[in-house]
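Visitor: turn this into a structure:
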Amino acid sequence: MKRPITLFLTLFLLFQMTSYAYGEEVDKDVAKSVETVKEKSEEPDPNLKEKYELLREENLNLRKEILRLHNKYSSGPAEKIPVFLYHHILPQEYIEKYNWTDNSSVLSVEAFKEQMDFLYENGFYTASLEELQAFMNGKITLPKKTVVITFDDGYLSNALYAYPIMREYNFRATIFVHGHRVDGKQEAFDPSTTQAISIYEAYKYGDVFDYGSHTYDLHYVNENRKRPYWQQKRK
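Guide: Next up is the predicted model:
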């Protein structure tokens, strides 16, 4: 009985070794194929710049047509343009849960949506900063119901909460970001604190937001994180 058992075990082990080696080769082949596909997908499109320029031109032309129609149906040209300034935006439940209620720079998503609803329902045009500059230089006419919308500090909450609301209404806005906060991977959202929109993710929101500089580290004047005099508490 020993010889058949020994033979069986020998054959079983050989089978296992062969299967393992074969499986290892298959795994290597699969990994190689995946890597090849990955490399191909990461190859730069030689026509990418041309495609971008065409899309940019189409968007600019569409923007001009929207402005033309706004001016046509406006009750008159604008003389002055109000500028709205926002910062951090959170759902009301988060404002209360994470003790943001005493911070006047934090607005609830509910209040923000109500304001955007009002602008849309009353036919307001949201001008870009480029259009505002052209208006101030007398190069273009803006409709009487025109506002400019801006966000300071470049918070991730702007992308999570303001973006979908504004995109629904085809509104434009400009976000002014701090240089020292944006050059890194996108942080996970945490309503108990603040995160910045990563410069590497900012393009995703380009159909609503333009981006500008809020300096590199505006809120501090030196490496010791000392705040400028206008932000220091008065005695």
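
Visitor: need the helix or strand of the protein with the lowest average pLDDT.
Guide: Within the chain, no helix or strand scores below helix 2-42, which has a mean of 46 by mean pLDDT, DSSP states H and E.

Visitor: need the next SSE after it, C-terminal direction.
Guide: Following helix 2-42 in sequence order, the next helix or strand is helix 48-73 (DSSP states H and E).

Visitor: helices and strands around that next one, which ones?
Guide: Contacts defined by 3 or more Cβ pairs under 8 Å, 6 or more residues apart in numbering; DSSP states H and E place helix 48-73 against strand 125-126. In short, each C-beta sits where N, CA and C put it, glycine included.

Visitor: so what strands line up beside the strand it packs on?
Guide: Sheet neighbours of strand 125-126, with direction, are listed as strand 146-153 (parallel) (DSSP bridges).

Visitor: mean confidence score for the strand it pairs with?
Guide: Per-residue pLDDT values across strand 146-153 average out to 93.

Visitor: correct me if wrong: Met116 contacts Tyr169.
Guide: Yes - with contact defined as Cβ atoms under 8 Å, Met116 reaches Tyr169; the gap is 6.2 Å.

Visitor: more crowded one of those two?
Guide: Shown here are Met116 and Tyr169; by other Cβ atoms under 10 Å, Met116 has more neighbours (20 against 15).

Visitor: so which strand or helix has that one?
Guide: Secondary structure here is read from DSSP H and E; on that basis Met116 sits in helix 109-121.

Visitor: and the angle for that helix with strand 146-153?
Guide: Per axes from the mean of the first three to the mean of the last three Cα atoms, to 10 degrees, the angle that helix 109-121 makes with strand 146-153 is 160 degrees.
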